Structure formats: C-alpha cells, structure tokens
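Visitor: Here is my input; please provide its structure:
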Amino acid sequence: MAEIGLFDPFLTFKFKLYFDGGAQPVAGIQKVGPIKRKTEAIMWRDGAHPHNSQSAIPGGSTFETIAFEQGLGLDDGRFEDWALSVSDWKNGDGAFKKANYRRTLRIEFLDMTGQLAQTTGGRKLNYVLDGAWVSEYQALPELDSKSMNTIGISSFTVNIEGWHRQQ
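Guide: Sure thing, here's the model as predicted:
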C-alpha cells in the first residue's frame, strides 16, 4: 500500500508586523492585505522583427496599497500615531517631514510552532515594505447598539514605494 505524505501548505494566520526594524511587533494586527507589484508591459517592434509583430518589454512597476486591520482593544497606539502623522495639522508638520510619516515595515510569517517559516529551499518568509505611509485610516468601525455580535476593528490602508524579501 502506498504511503500518503502530509501536505502542509503555509498557513497564513500566524505573522508578526514590525515598524522600522523594531524589536517589538505591533500589537493586535489581525489582517494584512496582499503584497502585490504590477509591471507595465510596453509594446514595441522594429523593422527586422520576424512576422511583423510586436514584442513586450517590462516598463515601470507600481505597488498596490496594502490594507491592515487591528483590534481596538489591542492597540498600543503606535499604528494610530503613525496614521495621524501624515496630516499633523496640530504641529504644522504634516507631509513636509518625510521622517515623520514614512516607515519601513517588516512582515514575518511563522510556522505552526511559532518559528520563522521557511521554504523547502531554506528561504525565510520575511518581507520588507519600503517607504510606507498611511493613505486611509478608519479609527472606529460602524457602531451599532442593537448588535452584540460585532467587534471593534480599525483599518489602515498603506501606500508603499516598494517591497523586497529579507534574507
């Protein structure tokens, strides 16, 4: 009888999010949107091209926004302070001081034992998001006094300048 091996895909419910290389993860992050890059295809042809057809070459890349969700009761204040720093009208800084609102974020994927997840080739699953800033912030969800089955979640949408895999 053939022996059946255990198929163990990476489960994506265990992860940690860090700010600017910090040692403490951000508390209460329960959901992170997909990390995506899109590269534009530029069509071109020249007179010597066979079959008189076009070829595609890579053009500029864009990085899609990433949504984060955080439980209200678990917030340690760092995420909200960062979100509010983009439009810091009170202190007059706002978007004029890049250091105040742009961050480097690191996402670490963990395996079932809580250790850093690795591919079969031994590569760690850590991703670094460069030049991140909060473009949309929802401090409170819709409040409903008639429902006892809802939980408080704040959400953040983050723009990034790029991302890479950390070795």
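Visitor: what's the closest non-adjacent residue to Leu74?
Guide: Spatially, and ignoring its direct neighbours in sequence, Leu74 is nearest to Gly28 (2.7 Å; Cβ to Cβ, 6 or more residues apart in numbering). Placement of C-beta: from N, CA and C, glycine included.
Visitor: cool, and Gly131?
Guide: Gly131 sits nearest to Glu161 (Cβ to Cβ, 6+ apart), 3.1 Å away.
Visitor: mind checking how far the one you found is from Leu116?
Guide: 25 Å (Cβ to Cβ, to the nearest Å).
Visitor: follow-up on the earlier one: quick check: the residue nearest to Gly131 touching Phe63?
Guide: Yes: the pair Glu161 and Phe63 qualifies as a contact (Cβ atoms under 8 Å) at a distance of 7.0 Å.
Visitor: neighbour-wise, which of these two wins?
Guide: Phe63 (18 against 12; other Cβ atoms under 10 Å).
Visitor: Just give the nearest non-adjacent residue to that one, would you?
Guide: Ile160 (5.0 Å).
Visitor: OK, contacts around that neighbour?
Guide: Applying Cβ atoms under 8 Å, 6 or more residues apart in numbering, we find Ile160 in contact with Phe63, Thr65, Ile66, Leu129, Asp130, Gly131, Ala132.
Visitor: His49 too?
Guide: Ser55 are the contacts of His49 under Cβ under 8 Å, 6+ apart.
Visitor: Could you check how far it is from Gly59?
Guide: 18 Å.
Visitor: Same check on Leu116?
Guide: Taking Cβ to Cβ, one finds Leu116 at 35 Å from Gly59.
Visitor: just the strands in the protein please.
Guide: Using DSSP state E, the strands of the chain run over residues 15-19, 29-32, 37-44, 55-63, 66-71, 103-109, 126-138, 153-159, 162-166.
Visitor: Redo these as JSON lines? Include distance to Gly77 and mean pLDDT.
Guide: Compiled in JSON lines, the strands of the chain are given as follows (distance: least, Cβ to Cβ, whole Å; pLDDT from 0 to 100):
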{"stretch": "strand 15-19", "distance to Gly77": "12", "mean pLDDT": "88"}
{"stretch": "strand 29-32", "distance to Gly77": "13", "mean pLDDT": "87"}
{"stretch": "strand 37-44", "distance to Gly77": "31", "mean pLDDT": "91"}
{"stretch": "strand 55-63", "distance to Gly77": "27", "mean pLDDT": "90"}
{"stretch": "strand 66-71", "distance to Gly77": "11", "mean pLDDT": "90"}
{"stretch": "strand 103-109", "distance to Gly77": "15", "mean pLDDT": "90"}
{"stretch": "strand 126-138", "distance to Gly77": "13", "mean pLDDT": "92"}
{"stretch": "strand 153-159", "distance to Gly77": "12", "mean pLDDT": "91"}
{"stretch": "strand 162-166", "distance to Gly77": "25", "mean pLDDT": "91"}
